[in-house]
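> can't give you the sequence, but here's the structure:
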């Protein structure tokens, strides 16, 4: 009886053996196919710059095929945006101060004799700022943005036209509206450079017309920065007219840059007519 059962099991196993072998071969073949398909992708992913970029969002047609190409496309788009910004028109006050609105306000219009509360950034011009109003800029000192030992609640209080502000800012604030933001280019003689015998514009071959010193443009529209002689900083820096740096580090930065054309971005937080 036992012998008959053993023979029955053997016959059944022999019948199933081809099916098991076929399934095993099918499984091994599938794994081999997957490995072959994934091998180039995995190998390429290990090579910098050859891995495929992330999928584009819906509606956007991607023109780049590698990460390096996509980064180059990004640089080209940034350059195009900069050129478009540079093409925006700028204006000049009757005192020769060049300005451009970053944001037009909706409140009352600033006039001479009005009291204002201001936030501002004083910045060094970037290399690509061909019109002295656009492009990159590095900070010198600021107020009202929490960037320079101040808080976002801090403001500068002054009366426009009362000789409390540097001449360029006194001139460019006129016509602004509450809530507006404006960029202006400040030549040294209309900013933080004193005009006296030892620090006159003639010392560095510039004039006081508002378009000289570091603010002129040549025939190609490029900024002109004439060479300046070394002078006594303490005797030449305007330390009374506003705005002024509040801490030692900011004062040091201004001391190194007061004889350059600087970019000032000012925001009218509040306005009181007639002071």
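Great, that's in hand. Small disclaimer: the values here were computed from a predicted structure and weren't measured.

> poorly predicted segments of the stretch 101-250 of the chain, please.
Scanning the stretch 101-250 of the chain for pLDDT under 70 picks out 127-136, 198, 200-233.

> and the pLDDT at residue 3?
In this model, residue 3 is scored at 50, pLDDT.

> quick check: which element contains residue 117?
strand 115-125 (DSSP states H and E).

> which element is residue 239 on?
Using DSSP H and E, residue 239 falls outside every helix and strand.

> how about the strands of this structure, start to end?
Applying DSSP state E to the chain gives strands spanning 91-92, 98-103, 115-125, 137-143, 156-159, 181-186, 216-217, 223-224, 262-272.

> nearest to residue 249, out of the ones you listed?
strand 137-143 (8.6 Å; Cβ to Cβ). In this view, the C-beta of every residue, glycine as well, is placed from N, C-alpha and C.

> got a list of contacts for that closest one?
118-126, 129, 147-148, 150, 154-156, 243, 245-246, 250, 253-254, 257, 262-263 (Cβ atoms under 8 Å, 6 or more residues apart in numbering).

> out of the residues you listed, which are buried?
Among those, those classed as buried by neighbour count (16 or more other Cβ atoms under 10 Å) are 118-125, 129, 148, 150, 154-156, 243, 245, 250, 253-254, 257, 262-263.

> residue 167 is in contact with residue 190, correct?
Yes. Counting by Cβ atoms under 8 Å, residue 190 does reach residue 167; the two are 4.4 Å apart.

> the two: who's more crowded?
Higher neighbour count among residue 190 and residue 167: residue 190, with 26 against 20, using other Cβ atoms under 10 Å.

> state the distance from the more buried one to residue 105.
The gap separating residue 190 from residue 105 is 23 Å, by Cβ to Cβ, to the nearest Å.

> same check on residue 120?
15 Å.

> could you list every residue that touches residue 157?
With Cβ under 8 Å, 6+ apart, residue 157 has these contacts: 115, 116, 117, 118.

> now do the same contact list for residue 186.
97, 166, 168, 169, 261, 262, 263, 264.

> ok, residue 110 - contacts?
Contacts of residue 110 (Cβ under 8 Å, 6+ apart): 116, 160, 173, 174, 175, 176, 177, 178, 268, 271.

> how about it: what's its closest non-neighbour residue?
residue 176 (4.7 Å; Cβ to Cβ, 6 or more residues apart in numbering).

> I figured the one you found was touching residue 268, is that so?
Yes. If you go by Cβ under 8 Å, residue 176 and residue 268 touch, sitting 5.2 Å apart.

> so what sits against both of those two?
105, 110.

> so who does the closest residue to residue 161 other than its chain neighbours touch?
Nearest residue to residue 161, sequence neighbours excluded (Cβ to Cβ, 6+ apart): residue 112, at 3.4 Å. Counting by Cβ under 8 Å, 6+ apart, residue 112 makes contact with 160, 161, 174.

> how much space separates the first one from residue 111?
Spelled out, that is residue 160. For residue 160, the distance to residue 111 (Cβ to Cβ) stands at 7 Å.

> who has more neighbours, those two?
residue 160 (24 against 15).

> show me the contacts for the more buried one.
Residue 160 makes contact with 110, 111, 112, 113, 114, 115, 116, 170, 173, 174, according to Cβ under 8 Å, 6+ apart.

> name whatever forms a beta bridge with the spatially closest residue to residue 91 that is not a sequence neighbour.
With Cβ to Cβ, 6+ apart as the criterion, residue 91 has its nearest non-adjacent residue at 5.7 Å, and that residue is residue 99. Beta-bridge partners for residue 99, by DSSP bridges, are residue 91, residue 184.

> burial of residue 171, as a residue count?
For residue 171, the count of nearby residues is 23 (other Cβ under 10 Å).

> likewise residue 93?
Residue 93 has 17 neighbouring residues, counting by other Cβ under 10 Å.

> OK, contacts around the residue nearest to it when sequence neighbours are not counted?
Take residue 93 and drop its neighbours on the chain: the residue closest to it by Cβ to Cβ, 6+ apart is residue 171, 4.5 Å away. For residue 171, the contact set (Cβ under 8 Å, 6+ apart) comprises 93, 94, 95, 97, 190.
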